[in-house]
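K.L.:
Following is a predicted model, sequence given first.
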Amino acid sequence: MSDHEYTPKSKVGKWFNDRLPLLTLGAHLTDYPTPKNLNYWWTFGGILTFCLITQIVTGIVLAMHYVAHADLAFASVEHIMRNVNYGWLIRYIHSNGASMFFLAVYIHIFRSLFYGSYKSPREVIWIIGLMIYLLMMAAAFMGYVLPWGQMSFWGATVITNLFSAIPLVGESITTWLWGAYSVDNPTLNRFFSLHYLIPFLILGLVVLHIWALHVPGNNNPVGIDIKKPSKDTVPFHPYITIKDAFALLMFMIIFAGFVFFSPNVLGHSDNYIPANPLVTPAHIVPEWYLLPFYAILRSVPDKLGGVILMFGSIFILFVLPWLDTSKVRSAVFRPIYRQFFWIFVLDVLMLGYMGAMPAEGIYLVLARVGTIYYFLHFLVVLPVVGFLEKTDPIPLSISEPVLSAGAELSLAKKENGKI
Amino acid sequence: MSKEEKKVNRRDFLFTASYTVGAVGLGAVVWPLVDQMNPDKAQQALATTEVDISQVEPGKSITVLWRGKPVFLKRRTEDEIEEARAVKMDDLPDPQRDEDRVKEGKDEWLVMLGVCTHLGCVPLKNKGDYKGWFCPCHGSHYDVSGRIRKGPAPKNMEIPKFEFVDNNTIKIG
């Protein structure tokens, strides 16, 4: 893992490090050569680590007061809000923390899409990241069920019923998931158990994610391979840590803004009504971060088809490194892809909006257009653009475009730039 | 040479046998861990409910909870039965005669799971394009027989197992 020799200065440190090289690992993480041109879009890895730790710490504390029982869960959440010392603060951090976690992960993912971080040799980092994303969605969904309000109950009903679309075994799988013949107390119990488990699975995957990252090193805004260490790199500490810390502070200001000034704006008021299996709320919507997928689900007029497209929209990301045929990583040098990237961003945002609207009239039409375009982007646009696009000249090193006199030299290097 | 070959074969057999026994053992251990998630005996014990229907007027319906799910018991009027039976089979996404959804001689009683066959929401009564039920979640329309007519739901609302204990009591399950 480490590409340099490290010897602890103290005798005790040396004794310990010979038996378990933790200090070598620490030195590796400190000195880790990082591209010197990383911009603020690269600070979200650190921000996401902060989010995960925040969720784990606040979650463990909440579990000390929460009761996972259909008759008591709703009251115990209110108990946390009213009676437990600082319970309101801890719960609001946890519930808004989930939203902030997704906000950060979406920026992180789109950064990867823009700068081509998913491409060779970083496919495994990308795939581990997607596994983390899937686990995040599972954890968030189950966490949303725990307060046992109306949205909890009916969200759980709708999502678990997705599995009933599977031919032949669908009904048995749904009953197995429920542990009952509908969403009921056994369902709540197991969701609590799994909600507690998943963050630690994520933590394990995060270690693998970072490990896999440290093999080739970071991608960078220019998207070229760089020698490490070289004039194009800086040590992770203090150069990147201080930049990450500043970005994290900015992020925490927004986070705190939600927690202290509008803690319920991202939630749904129906979840303050206790779960009632006899009445479905008039308008069921998932949390905002799942809306684009919900729009895809509803845009298909067939149950199984809708479920397949919804899961397909996520699983297609796993083969993205092989769908994108362009060898050039960064969209900075891909004039055509760059435009399609932004169209794709708009498409996902539009799908998110359609997911929040009722599935009828113009909303349904737009959701269908958005769904078709979502898949076209991956299955047609990316493979074809990679072949046809004439990419801009790529600099030889990170320093080159800065140090060279300007456009003239850059143009002169054009021949060298093509890959 | 042949001696060596024999040795390898014996070892191969041991490997295969060990893997097989190991796999069976692993399966035997995993199955209880999987099956514990299925409905337990307490859940199964709630499998029947008896409902008093003596107070239900024609054209009205009641909703009861059975195995955690709502069951609609609707006492239909003559007009409604006629309307349900006049529907052409070709107009139904999941063709089923109204006669097959009720007990013979008790045609006025429609007993069905009040669960949309799309994603499990509870449809609203006397709503939608077919004067039956309408699911607010994803817009499925059901007729007066609880059959799917329009929307994403694939099937008619399910008829649970039920019987008339006497004229005033229905046993569901």
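P.N.:
The structure has been received and is ready for your questions.
K.L.:
Report whether the least confident helix or strand in chain B by mean pLDDT contacts chain A.
P.N.:
Lowest mean confidence among the helices and strands of chain B (mean pLDDT, DSSP states H and E): helix B:41-45, at a mean of 82. Yes - judged by CB under 8 Å from any CB of the partner chain, helix B:41-45 comes into contact with chain A through residue B:43. All C-beta spots, glycine's among them, are computed from the backbone N, C-alpha and C.
K.L.:
What residues does chain B have near chain A?
P.N.:
For chain B, the residues in contact with chain A (CB under 8 Å from any CB) are B:34, B:37-40, B:43, B:63, B:65, B:67-70, B:118-122, B:135-139, B:152-154.
K.L.:
redo that, cut-off 6 Å
P.N.:
By CB under 6 Å from any CB of the partner chain, the residues of chain B that approach chain A are B:37-39, B:43, B:67-70, B:118-122, B:136-139, B:152, B:154.
K.L.:
right, and the helix or strand after the least confident helix or strand of chain B?
P.N.:
In the C-terminal direction, the helix or strand that comes right after helix B:41-45 (DSSP states H and E) is strand B:49-52.
K.L.:
Kindly export that next one (C-alpha atoms) in CSV.
P.N.:
The C-alpha coordinates for strand B:49-52 follow below in CSV (Å, rounded to 0.1, in the frame of the first residue of the first chain):
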residue,chain,number,x,y,z
THR,B,49,-61.9,-13.0,11.5
GLU,B,50,-65.6,-13.1,12.0
VAL,B,51,-67.6,-10.1,11.0
ASP,B,52,-71.2,-9.2,12.0
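K.L.:
just checking, next helix/strand downstream of it?
P.N.:
Later in the chain than strand B:49-52, the nearest helix or strand by DSSP H and E is strand B:61-66.
K.L.:
Any of the residues of chain B next to chain A buried? List them.
P.N.:
For the residues of chain B next to chain A, a burial check counting by 16 or more other CB atoms under 10 Å in any protein chain shown picks out B:38-39, B:43, B:67-70, B:118-122, B:136-139, B:152, B:154.
K.L.:
Mind checking which of those land in strands?
P.N.:
B:69-70 (DSSP state E).
K.L.:
Among the residues of chain B next to chain A, name the ones in helices.
P.N.:
residue B:43 (DSSP state H).
K.L.:
Might you list the low-confidence residue ranges for chain B?
P.N.:
For chain B, the stretches flagged by pLDDT under 70 are B:1-8.
K.L.:
which element is residue B:96 on?
P.N.:
With DSSP H and E as the criterion, residue B:96 is inside neither a helix nor a strand.
K.L.:
Spatially nearest residue to it, not counting backbone neighbours?
P.N.:
In space, not counting the residues next to it along the chain, residue B:96 is nearest to residue B:156; the distance is 5.7 Å by CB to CB, 6 or more residues apart in numbering or on different chains.
K.L.:
secondary structure element for the one you found?
P.N.:
Here residue B:156 is assigned to no helix or strand, by DSSP H and E.
K.L.:
returning to what we had before: what's the spacing between the least confident helix or strand of chain B and its chain's center?
P.N.:
Relative to its chain's centre, helix B:41-45 lies at 17 Å (CA atoms, centre = their mean, to the nearest Å).
K.L.:
who does it touch, helix- and strand-wise?
P.N.:
Helices and strands touching helix B:41-45, as assessed by 3 or more CB pairs under 6 Å, 6 or more residues apart in numbering or on different chains; DSSP states H and E, are absent.
K.L.:
the helices in the stretch 101-250 of chain A, which residues?
P.N.:
Here the stretch 101-250 of chain A has its helices, by DSSP state H, counting those that start in this stretch, at A:123-145, A:150-161, A:170-178, A:185-214, A:241-261.
K.L.:
highest average neighbour count across those?
P.N.:
Most buried of the helices of the stretch 101-250 of chain A, by mean neighbour count (mean count of other CB atoms under 10 Å in any protein chain shown): helix A:150-161, with a mean of 24.
K.L.:
Can you name the residues in contact with it?
P.N.:
Helix A:150-161 has contacts (CB atoms under 6 Å, 6 or more residues apart in numbering or on different chains) with A:145, A:174, A:177, A:183, A:268, A:270-271, A:273, A:275, A:280-281, A:284, B:119-120.
K.L.:
and which of those residues is nearest residue A:362?
P.N.:
Using CB to CB, residue A:284 is the member of the contacts of helix A:150-161 that lies nearest residue A:362, at 20.3 Å.
K.L.:
got the contact list for the closest one?
P.N.:
Taking CB under 6 Å, 6+ apart, one finds A:154, B:137 in contact with residue A:284.
K.L.:
and if we set it to 7 Å?
P.N.:
By CB atoms under 7 Å, 6 or more residues apart in numbering or on different chains, the residues touching residue A:284 are A:154-155, A:158, B:137.
K.L.:
next one: residue B:151
P.N.:
Applying CB under 7 Å, 6+ apart to residue B:151 gives the contacts B:135, B:138-141.
K.L.:
Tell me the spatial nearest neighbour of it, not counting adjacent residues.
P.N.:
Leaving out its chain neighbours, the residue that sits closest to residue B:151 by CB to CB, 6+ apart is residue B:140, at 3.3 Å.
K.L.:
same question, residue B:155
P.N.:
Nearest non-adjacent residue to residue B:155, counting by CB to CB, 6+ apart: residue B:117, 4.2 Å away.
K.L.:
How many neighbouring residues does the one you found have?
P.N.:
Residue B:117 has 23 neighbouring residues, counting by other CB atoms under 10 Å in any protein chain shown.
K.L.:
That one touches residue B:159, doesn't it?
P.N.:
No - using CB atoms under 7 Å, residue B:117 is not in contact with residue B:159; the gap is 11.8 Å.
K.L.:
contacting residues around the closest residue to residue A:117 other than its chain neighbours?
P.N.:
Counting by CB to CB, 6+ apart, residue A:219 is the residue found nearest to residue A:117 once chain neighbours are left out, at 4.2 Å. Contacts here follow CB under 7 Å, 6+ apart; on that basis residue A:219 touches A:115, A:117, A:122, A:329.
K.L.:
repeat that for 10 Å
P.N.:
Residue A:219 is in contact with A:35, A:38, A:42, A:111-112, A:115-119, A:121-122, A:125, A:213, A:225-226, A:329-330, counting by CB atoms under 10 Å, 6 or more residues apart in numbering or on different chains.
K.L.:
from those, which ones fall inside strands?
P.N.:
If you go by DSSP E, the contacts of residue A:219 have residue A:35 in strands.
K.L.:
Which entries within the contacts of residue A:219 meet the buried criterion?
P.N.:
A:35, A:38, A:42, A:111-112, A:115-119, A:122, A:125, A:213, A:226, A:329-330.
K.L.:
tell me the phi and psi of the spatially closest residue to residue B:139 that is not a sequence neighbour?
P.N.:
Spatial nearest neighbour of residue B:139, chain neighbours left out: residue B:151 (4.9 Å); criterion: CB to CB, 6+ apart. When read as degrees, to the nearest 10, the backbone of residue B:151 gives phi 110, psi -180.
K.L.:
so where is chain A shaky, pLDDT-wise?
P.N.:
A:1-4, A:404-419.
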